[in-house]
Structures are given as C-alpha cells and as structure tokens.
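K.L.:
Got a predicted model here, sequence first, then my questions.
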Amino acid sequence: MTAGRVAVVTGGAGALGAAIGEHLTGQAEVVLLADRDLDGARERSENLRGVEACYLDVADDESVQALVETVERRFGRLDVIVNNAAVTAPRGMEALRRDDWERVMAVNVWGPTALCRKAVPLWSSTRAGGRVVNITSRTWLSGGPIAYTSSKAAVVGLTRSLALELAPFGVTANAVAPSMVATPFTRGDRSEEEYAAFEAKHLAMTPMRRFATPEDIAHAVGYLASEAAGFVTGEVLHVCGGAQLAPAP
C-alpha cells in the first residue's frame, strides 16, 4: 500500500463498485465508495478498513464539485478515480425516448468527464500523478442497447482524450471493458425466461465458458490503478474471457 493514497470509486453501492473498492484497499489508505444510494454505499463499506461511503450524483455538477472539494479539504490529494457509475435505458430503438438518452449520457459520459475536470486543479497543484480508470463495456465493439452502447463507446473516446489531456500532470487514463457480469444491473427488467435466454447466449459466445465476476473486473482495475501501470495510458483492457472476439448475441 502506498501511504496516503486516496481513491474514489463511483457507483460504489453496486456489486462491481464494491468489489473494486475492496480490492483497492491494498493500494490506497482511503477508498471512497461514492453513490447516490448513500445507504447502499454505507452497507458496502461496513467492516472494510479504510473504506468510507459518500454521496455523489455524477450527473449533478454541484455534487461532483462538492465531492472534490471534500477530498481536497480532508486529504489534499486524489490519486485514483474509478468511473464505474452507469445507468441504462430501454433496449429497443422504438422504446427509447430522448430523455432516456440524455439521462444515460449524463451519467455514463458526462459524469466521468465532470469528475476528472473538477480534479484537474488538484492534480495540477500537487503534481503527484494519478490514475483514472473508466468502466466501459465490450458492447462498444459489438453493438447492443442503443443508448447504453453509444455511451460506452463514448467512454472509450473519452479515455483516449483524457490520456492526452492528463499526461502533463502525470495522470494516466485507461478503461476496463467487461463482458457480462451477473448482477442486478445486468438483469434489469428482464423476465426469468428472458434473462435465462440472455445468459445462455452470452455463455455460448464466451470461449472460456463462464461469466465475468466482480472480482475479475476489480483485479483489472487494480492493475491499471497501480504503480506498475505507470507508463500505460489510453488503453482498453477487455475482461471478457475471449468474448470480445465474438459477435453480439
């Protein structure tokens, strides 16, 4: 563990965010699980040494500003940002409305952008370097639900752009692209029958014949957030068991 290192994980109340946060305790002195669901984040952080819960709505600029100001006031540094918070929308084009689209883009694309943007003055003043890890999805390669997939493709472009903009501060920016992880978020509003068919299709297209786990994703994030990845930036690491090589189900 690097003494004094501070990490923020958005979407920290979810299964993926919680697993990432727990894994990062091996690299950071303080890990903040940030989420609109503050009670959920608090529940995830219980009994985890060095892990705290805090409120954050990534689509609300004032909320983002408040979080960064709190981190600066309390710790004077911000070493790792994991942009994990995400929402989705109706899957079919005919069911998609403009406000669905705008909500997905506000959370999935503007949220990571805003958080990094607000952190720039802190990175600029400390010159201590840092890591940004964005959670995208293998759907950026294959296609999928229109709003969600478009947002995750945008996150790849955002990651590459951040890599260029943040390099002068010694901050790297990379992305992790998981395949299917069996969580409530993935299940969404599917019926039992629909979800069973969805699982079967994803399993069939995965050469390693299993789904990703939150821990699989957390280990990939941990590498990109570590000192070992200090000269890796602008990359997308697929954690898919080979599913990134297959067409969409």
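P.N.:
Good, I have the coordinates.

K.L.:
quick one, strands of the protein?
P.N.:
When assigned using DSSP state E, the strands of the chain occupy the ranges 6-10, 30-35, 51-55, 80-83, 130-135, 171-178, 236-239.

K.L.:
In the sheet, which strands lie alongside the third one, parallel or antiparallel?
P.N.:
Each strand paired with strand 51-55, and its direction, by DSSP bridges: strand 30-35 (parallel).

K.L.:
ditto for the fourth one
P.N.:
According to DSSP bridges, strand 80-83 has the following sheet partners: strand 6-10 (parallel), strand 130-135 (parallel).

K.L.:
So, low pLDDT: which residues of this structure?
P.N.:
Applying pLDDT under 70 to the chain flags the ranges 1-3, 247-249.

K.L.:
Can you tell me the closest non-neighbouring residue to the residue sitting nearest the centre point of it?
P.N.:
Centrality entry for the chain: nearest residue to the mean C-alpha point is Asn84, 2.0 Å, by C-alpha atoms, centre = their mean. The shortest distance from Asn84 to any non-neighbouring residue, by C-beta to C-beta, 6 or more residues apart in numbering, is to Gly11 (4.1 Å). To be clear about C-beta, it is placed using only N, CA and C from the backbone, and glycine gets the same treatment.

K.L.:
if I pick the one you found, what's in contact with it?
P.N.:
Contact partners of Gly11, counting by C-beta atoms under 8 Å, 6 or more residues apart in numbering, are Gly17, Ala34, Asp35, Asn84, Ala85, Ala86, Ile135.

K.L.:
could I get those residues as a markdown table with distance to Ala119?
P.N.:
Formatted as a markdown table, those follow (distance: C-beta to C-beta, whole Å):
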| residue | distance to Ala119 |
| --- | --- |
| Gly17 | 18 |
| Ala34 | 13 |
| Asp35 | 18 |
| Asn84 | 16 |
| Ala85 | 15 |
| Ala86 | 19 |
| Ile135 | 17 |
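
K.L.:
Can you check those and name whichever has the most neighbours?
P.N.:
Neighbour count (other C-beta atoms under 10 Å) singles out Ala34 as the most crowded of the contacts of Gly11, with 31 neighbours.

K.L.:
just to revisit the earlier point, tell me which of the strands of the chain lies nearest to Ile146.
P.N.:
Among these, the nearest to Ile146 by C-beta to C-beta is strand 171-178 (17.9 Å).

K.L.:
Give me the distance between the closest one and the centre of its chain.
P.N.:
Here the centre of strand 171-178 is set off from its chain's centre by 9 Å, with C-alpha atoms, centre = their mean, to the nearest Å.

K.L.:
Tell me how many other residues crowd Ala182.
P.N.:
Neighbouring residues of Ala182 were enumerated by other C-beta under 10 Å; the total is 16.

K.L.:
do you know how far the residue nearest to Asn84 is from Ala34?
P.N.:
From Gly11 across to Ala34, the span is 8 Å (C-beta to C-beta, to the nearest Å).

K.L.:
Kindly provide the distance from the residue nearest to Ala182 when sequence neighbours are not counted to Cys240.
P.N.:
Distances taken as C-beta to C-beta, 6+ apart place Phe211 nearest to Ala182, at 5.3 Å, with adjacent residues excluded. Phe211 sits 10 Å away from Cys240, going by C-beta to C-beta.
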